[in-house]
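In: My questions concern the predicted model and sequence given below.
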Amino acid sequence: MLKNRPSSWAYRKWIFGRFIDQFSKPHGVIDTEHQWTELFERIKEEVRVCISVAEHFPKNYYSWTHRNFVSRLAYQTWSTNVLNAGTGASNSGSHLLFNFLEDEVNRIEPWLMNHVSDHSAAHYGAEVLGLLLTFGLRDDGYTGDTSLPAQEWGLALIGNILASSRTAFEHFQFHE
């Protein structure tokens, strides 16, 4: 159904946006761990749909674009929540957002090793990496269970991504 039909993806995007809007009403704040957990379960379900479509129809631009929309909306929802509720409210959703973004970054390398020509996936990987770095390099940046300061964590993350990119380039240097 979703394959390459822009109208289907646009409708799904609209529905998901309305869901997020309704989820944070009436006060514009998500203030309990249960609400954050429920929100991220829904976000993960959207990502599972995108993964399923991409597995059946590789290089599916619309699937990767929707996945990017969902990831950005997760970040924006967290950001807006922090602005509306203050920094104390950010703690309940911080670890869920960090884990989600980190999982997304970690899923891209294996995908690209199996789908070398999937430029939409490569673009998504760069976008979600940017979100993860933006999130982790804030003043009060949460960087998972690591004891590294935020800047060192960011450099280590970029170093790991570059190392895996070099490996992929060496493995597929004459591809395309």
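Out: Here it is on my side, so go on.
In: contacting residues around residue 35?
Out: Each residue near residue 35 by CB atoms under 8 Å, 6 or more residues apart in numbering is listed here: residue 23. Just so you know, the C-beta spots here come from the backbone N, C-alpha and C atoms, and that holds for glycine as well.
In: my bad, should have said residue 96
Out: Residue 96 sits in contact with 36, 37, 39, 40, where contact means CB under 8 Å, 6+ apart.
In: helix or strand for the last one, which one?
Out: In this case it means residue 40. For residue 40, the enclosing helix or strand under DSSP states H and E is helix 33-56.
In: from the middle of its chain, how far away would the helix or strand where residue 83 lies be?
Out: When elements are assigned from DSSP H and E, residue 83 belongs to helix 61-85. Here the centre of helix 61-85 is set off from its chain's centre by 8 Å, with CA atoms, centre = their mean, to the nearest Å.
In: buried sites along the helix holding residue 40?
Out: Under the neighbour-count criterion of 16 or more other CB atoms under 10 Å, helix 33-56 has 35, 36, 39, 40, 43, 46, 47, 49, 50, 53, 54 buried.
In: Next up, the contacts around residue 47.
Out: 67, 70, 71, 104.
In: 7 Å instead, please
Out: Shown in contact with residue 47 (CB atoms under 7 Å, 6 or more residues apart in numbering): 67, 70.
In: Would you mind stating the distance between it and residue 151?
Out: 29 Å (CB to CB, to the nearest Å).
In: Test for you: state the pLDDT assigned to residue 45.
Out: Looking at residue 45, its pLDDT is 95.
In: okay, and for this structure, where does confidence drop off?
Out: Residues of the chain meeting the criterion pLDDT under 70: 1-4, 25-28, 85-92, 139-146, 168-169, 171-176.
In: cutoff 50 now
Out: Low-confidence segments of the chain, defined by pLDDT under 50, are absent.
In: any idea what sits nearest residue 54, other than its immediate chain neighbours?
Out: residue 63 (4.7 Å; CB to CB, 6 or more residues apart in numbering).
In: Against residue 13, how distant is the most centrally placed residue in the chain?
Out: Ranked by distance to the mean C-alpha position of the chain (CA atoms, centre = their mean), the top residue is residue 71 at 3.7 Å. As for residue 71, its distance to residue 13 is 13 Å (criterion: CB to CB).
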